[in-house]
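# Fold the following for me, if possible:
(one chain, ligands or ions: 1)
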Amino acid sequence: MTNYHGPAIIIDRLHVSRGRRKVLHGVTVSVEPGQVVGLLGPSGCGKTTLMRSIVGVQRIDSGTVTVLGSPAGTPNLRRRVGYVTQSASVYDDLTVTQNLSYFRRVLGAERGEVDRVIEATDLGAHASQLVDTLSGGQRARVSLAAALIGSPELLVLDEPTVGLDPVLRVELWRLFHALADEGTSLLVSSHVMDEATRCDRLLLMRGGVLLADETPTGLLESTGAADTEDAFLTLIARTPRKRAEDDS
Ligand SMILES: Nc1ncnc2c1ncn2[C@@H]1O[C@H](COP(=O)(O)OP(=O)(O)OP(=O)(O)O)[C@@H](O)[C@H]1O
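Alright, predicted model coming up:
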């Protein structure tokens with residue numbers, strides 16, 4: 001980790017199009033470090049596009065994205081930011097250890113990192129197994145383990161718990177908080193509203209705009225809703241529908 005202590009992410013008036021479609025319509029947000037921040041919203045609202053902008057792989061129309069004090073995509077961020085996409089980014093025909101050893105070499109991280117991330121993601125019993133033969137949850141954890149190599153200061157995780165059973169989901173959220181306790185900043189997307197309560201802070205998105213940036217408790221208080229699903233619906237009812245067609 002470096003000595004950087006400012007906001008993990010600062011986004012200012014970000015506009016992004018994908019193909020001919022305008023996907024993000026002026027998103028402005030700041031994410032404080034050492035927290036698990038949930039990025040929640042319906043399928044197609046622009047969560048992945050926002051995450052791609054943060055990790056610097058998305059062409060933007062206008063606005064700025066500053067990550068750990070540097071413009072998104074700058075080379076010095078490569079080791080400081082870990083990104084897990086929705087589809088597994090590991091090799092099926094290699095074992096867990098072989099995959100992680102490969103990523104360790106690419107990043108130039110220390111040898112001990114492979115064992116450390118295997119332990120952190122509880123994959124010890126499967127270390128010698130081909131990824132092809134793992135369950136969905138185990139594969140998801142291999143992708144996460146790869147992103148943990150080198151202890152990045154910011155982890156950007158795109159729907160890491162999708163398709164996992166409830167026990168595994170709880171375990172993963174526990175791991176996210178353990179990482180945050182050590183000072184890592186995490187941005188975790190989900191379209192499952194009940195995951196909202198597991199986050200320190202919530203960014204609620206719809207149709208390419210941010211509807212709320214709140215703590216889970218603050219969200220319930222400000223909307224008067226009984227749960228986060230209700231709170232989201234209340235916010236939608238309060239927001240003009242002009243971009244609702246952007247959600248699928
Ligand atoms: N390459 C592309 N070309 C054109 N449109 C795209 C492209 N990729 C994504 N889109 C559109 O951009 C919008 C936002 O997509 P994005 O993947 O960011 O949403 P999301 O909130 O992450 O959805 P999900 O929860 O389903 O992953 C969608 O309407 C999608 O159809």
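
# Output the set of residues of the protein in proximity to the ligand.
18-19, 21, 23, 41, 43-49, 191, 248 (Cβ under 6 Å from any ligand atom). (Glycine included, C-beta is placed from N, CA and C.)

# what does the model give the residue nearest to Ala8 when sequence neighbours are not counted for pLDDT?
Nearest residue to Ala8, sequence neighbours excluded (Cβ to Cβ, 6 or more residues apart in numbering): Ser185, at 3.6 Å. We have a pLDDT of 96 for Ser185.

# Tell me where the protein has helices.
47-55, 96-107, 113-120, 136-148, 166-181, 216-223, 228-238 (DSSP state H).

# before we move on, the earlier item: most widely separated two among the residues of the chain next to the ligand?
Gly19 and His191 (21.4 Å; Cβ to Cβ).

# higher neighbour count, these two?
Neighbours per residue (other Cβ atoms under 10 Å) separate Gly19 from His191, with His191 holding more: 16 against 6.

# Contact partners for that one?
Leu40, Gly41, Pro42, Ser43, Lys47, Glu159 (Cβ atoms under 8 Å, 6 or more residues apart in numbering).

# Mark which of those residues are part of strands, please.
With strands defined by DSSP state E, the entries of those inside them are Leu40.

# ok, back up a step: for the residues of the chain next to the ligand, which single residue is the most surrounded?
Gly46 (29 neighbours).

# Verify the stated contact: that residue with Val23.
Yes: applying Cβ atoms under 8 Å as the test, Gly46 and Val23 come out as touching, 4.9 Å apart.

# Low-confidence stretches in this protein?
1-2, 240-248 (pLDDT under 70).

# circling back: state the distance from the residue nearest to Ala8 to the ligand.
Ser185 is 20 Å from the ligand, where distance means Cβ to the nearest ligand atom, to the nearest Å.

# Is that residue in contact with Val31, as I believe?
Yes: contact criterion Cβ under 8 Å: Ser185 and Val31 qualify, at 6.6 Å.

# what is in contact with the two at once?
Shared contacts of Ser185 and Val31, counting by Cβ under 8 Å, 6+ apart, come down to Ala8, Ile9, Val37.

# quick revisit: okay, Ser185 and Val31: which has more neighbours?
Higher neighbour count among Ser185 and Val31: Ser185, with 24 against 21, using other Cβ under 10 Å.

# Quickly list what that one is bridged to.
Leu154 (DSSP bridges).

# Name the nearest residue to Ile236, sequence neighbours excluded.
Among residues not flanking Ile236 along the chain, Arg206 sits closest, at 6.3 Å (Cβ to Cβ, 6+ apart).

# Then Ser89?
Leaving aside its chain neighbours, Ser89 sits nearest to Ser143 (5.4 Å; criterion: Cβ to Cβ, 6+ apart).

# quick one, what contacts the one you found?
Here Ser143 is in contact with Val84, Thr85, Ala88, Ser89, Val90, Pro160 (Cβ under 8 Å, 6+ apart).

# What of Arg59?
Val16.

# For it, grab phi and psi.
phi -70, psi 130 (degrees, to the nearest 10).

# With the one 10 residues further on instead?
Torsion angles at Gly69 (phi, psi; degrees, to the nearest 10) stand at phi 90, psi 0.

# picking up where we left off before, could you dump the helices of the chain into TSV and include distance to Tyr4?
Below are the helices of the chain laid out as TSV (distance: least, Cβ to Cβ, whole Å):
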stretch	distance to Tyr4
helix 47-55	16
helix 96-107	19
helix 113-120	21
helix 136-148	19
helix 166-181	16
helix 216-223	27
helix 228-238	31
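
# So for Leu210, which of these sits nearest?
helix 47-55 (9.0 Å).

# So which residues make contact with that closest one?
9, 11, 14, 16, 18, 23-24, 27, 39-41, 58, 60, 65, 67, 72-73, 81, 83, 86, 156, 158-159, 187, 189, 191, 205, 208.
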